[in-house]
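Novice: take a look and give me a structure for this.
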Amino acid sequence: MALTGALTLCGPGLADQEVRDVRFGVDVSTTRVVIETSEPADFRAFTLDGLADRLVVDLPSSRWSVANLASGEGVGHGLVDAFRFFDNSASSSRVVFELEHPAVIVNQFALDPATPGGNHRLVIDVERSSSDSFQSASGFEHTRADSLDSLIAERVEAVYVPPQRERRVVVVDPGHGGRDPGSIGLHGTQEADIALEAARELRRQLEATGRYEVLLTRDRDVYPSWEQRVGVMAESRADLFISLHSDSSQNSGVRGAAVYTLNDRAENRARQRAREGANHTSHADVNNILVELELREKRNQSSAFAEVLLEHLDSAGPLLANPHRQANLFVLLDSRVPAVLVEMGFLTNRADHGNLTSASYRRRQMTSIVRGIDDYFANRGDEMFADRETIALPAR
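Specialist: So this is what the prediction gives:
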């Protein structure tokens, strides 16, 4: 990788420096990024390719003081999808802008306050470019020894901290559909139909809390490919992914719900897919490190969600023995978003079949999942869920 557009401007790095605003201007193929600071500041802007296309602006150590963005995160405009502030070290800070399309830096400069006592302005213009131009112009500054450490620190801090938005985004995937009916249960019941009804009920309950935006990978009897299902998760920058299924067994006595996360084999597949999707250069080792960080965090978060979810599913109905299981499941392969697959019960068991085809039981089971989702975000310290009302399970 190579550095592009790096520029150091004169001005002391002050301990009382503040970042006071981030704003954007858009003109056809160009987006202007303006960072307003309390004092003049040295800054360095460059682009990075890898698991995501980014514009990075390094600053002296600064306090984040942007009104209405206390979390240090915000939504971009034009070529910028979103941004986040980082304290990299005792001597530096960083603002990272996620780009919605490859772009190159065409101009950067500093401006004095427009009025006495006003904010100083750091201005970076980025222009839409081809992927090839972006890749050739992007990367680390080879002369800076802390570049790799800085980027890794950024990724460690950034992974799975949900963007600051009004509602968390949950993708619900009703398994099978269309040409693939899934498991066939008693009386010819199809798994695809059961999964779709459950997904609609889960969406209804999640949206009713006012805390979630819910996207279904399908809302009718069609079969989205595995890539399309995972694509919904990636395109929405989802906070959570849940795939709903029902199981079958030759032993009609087997019953109960279970939650699946990635096993070692599936993680290896996810690792390979992530590396193939990254832009490899002479710093391929960096891409590999970032993939490992994301996979480790994804697996940890998925497992944490599975455990919380099972605590609540247990109150709704029976669980399968050893209900937290691991499998090689393609639909869970995205390396970024915490994801689980829920087997709601066995269509080949008479009692489970009765539950899975019962609207009242479906409401109860989906309520338990909603409670699990709420607790998962609350356990992560998400302030949005600190004062939530506890949802009561419908009576059995």
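
Novice: poorly predicted segments of the stretch 1-150 of the chain, please.
Specialist: Low-confidence segments of the stretch 1-150 of the chain (pLDDT under 70): 1-15, 49-52, 87-90, 139-150.

Novice: in it, which spans are helices?
Specialist: 131-137, 147-158 (DSSP state H, counting those that start in this stretch).

Novice: now the shortest one - C-alpha only, CSV.
Specialist: Taking only C-alpha atoms (Å, rounded to 0.1, in the frame of the first residue of the first chain), the coordinates of helix 131-137 have been written out as CSV:
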residue,chain,number,x,y,z
SER,A,131,-11.2,1.1,-7.8
ASP,A,132,-7.8,0.8,-9.5
SER,A,133,-7.0,4.5,-8.9
PHE,A,134,-8.1,4.3,-5.3
GLN,A,135,-6.1,1.1,-4.6
SER,A,136,-2.9,2.5,-6.2
ALA,A,137,-3.2,5.8,-4.3
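
Novice: let's verify residue 223: helix, strand, or coil?
Specialist: Using DSSP: H, G, I helix; E, B strand; the rest coil, the secondary structure recorded for residue 223 is coil.

Novice: does it really touch residue 177, like I thought?
Specialist: Yes - contact criterion CB atoms under 8 Å: residue 223 and residue 177 qualify, at 4.8 Å. (C-beta placed from N, C-alpha, C; glycine too.)

Novice: wait, isn't residue 240 in contact with residue 373?
Specialist: Yes - the criterion here is CB under 8 Å, and residue 240 meets it with residue 373 at 6.7 Å.

Novice: mind checking which of these two has more residues around it?
Specialist: Higher neighbour count among residue 240 and residue 373: residue 373, with 26 against 23, using other CB atoms under 10 Å.

Novice: ok so the more buried one is a helix residue?
Specialist: Yes - assessed with three-state DSSP, residue 373 lies in a helix.

Novice: wait, it sits on residue 171?
Specialist: No - between residue 373 and residue 171 there is no contact under CB under 8 Å: 11.9 Å.

Novice: what is in contact with those two at once?
Specialist: Common contact partners of residue 373 and residue 171 (CB atoms under 8 Å, 6 or more residues apart in numbering): residue 240.

Novice: tell me how far the residue in the chain sticking out farthest from the centre lies from residue 219.
Specialist: What lies farthest from the middle of the chain is residue 116; by CA atoms, centre = their mean that is 41.8 Å. Residue 116 sits 57 Å away from residue 219, going by CB to CB, to the nearest Å.

Novice: again, but for residue 306
Specialist: In terms of CB to CB, residue 306 sits 25 Å off from residue 219.

Novice: same question, residue 109
Specialist: 49 Å.

Novice: ok, the two, which is more surrounded?
Specialist: residue 219 (14 against 11).

Novice: just say helix, strand or coil for the more buried one.
Specialist: coil.

Novice: so who does it touch?
Specialist: 196, 200.

Novice: try the one 3 residues further on
Specialist: Neighbouring residues of residue 222 by CB under 8 Å, 6+ apart: 177-178.

Novice: low-confidence regions, the stretch 251-396 of the chain specifically.
Specialist: In the stretch 251-396 of the chain, residues with pLDDT under 70: 263-298, 328-336, 383, 386-393, 395-396.

Novice: can you do 50?
Specialist: Across the stretch 251-396 of the chain, the ranges flagged by pLDDT under 50 are 266-267, 269-271, 275, 278-287, 289-292.

Novice: so where do the helices sit in it?
Specialist: Under DSSP H, counting those that start in this stretch, the stretch 251-396 of the chain gives helices at 264-277, 284-316, 350-356, 359-379.

Novice: now for the third one, which elements pack on it?
Specialist: In terms of contact count using 3 or more CB pairs under 8 Å, 6 or more residues apart in numbering; DSSP states H and E, helix 350-356 is assigned the packing partners strand 339-346, helix 359-379.

Novice: export that helix to CSV, keeping only CA atoms.
Specialist: Presented in CSV, the C-alpha positions along helix 350-356 are these (Å, rounded to 0.1, in the frame of the first residue of the first chain):
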residue,chain,number,x,y,z
ARG,A,350,-45.6,-33.9,17.6
ALA,A,351,-45.4,-31.5,20.6
ASP,A,352,-42.9,-29.2,18.8
HIS,A,353,-45.0,-29.3,15.6
GLY,A,354,-48.0,-28.2,17.6
ASN,A,355,-46.0,-25.3,19.1
LEU,A,356,-44.5,-24.2,15.8
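
Novice: so which bits of that helix are buried?
Specialist: 352-353, 355-356 (16 or more other CB atoms under 10 Å).

Novice: show me the contacts for residue 242.
Specialist: Going by CB under 8 Å, 6+ apart, the list of residues near residue 242 reads 170-173, 202, 339-342, 369.

Novice: actually residue 80, not the one I wrote
Specialist: Neighbours of residue 80 in contact, by CB under 8 Å, 6+ apart: 24, 31, 33, 55, 97-100, 126.
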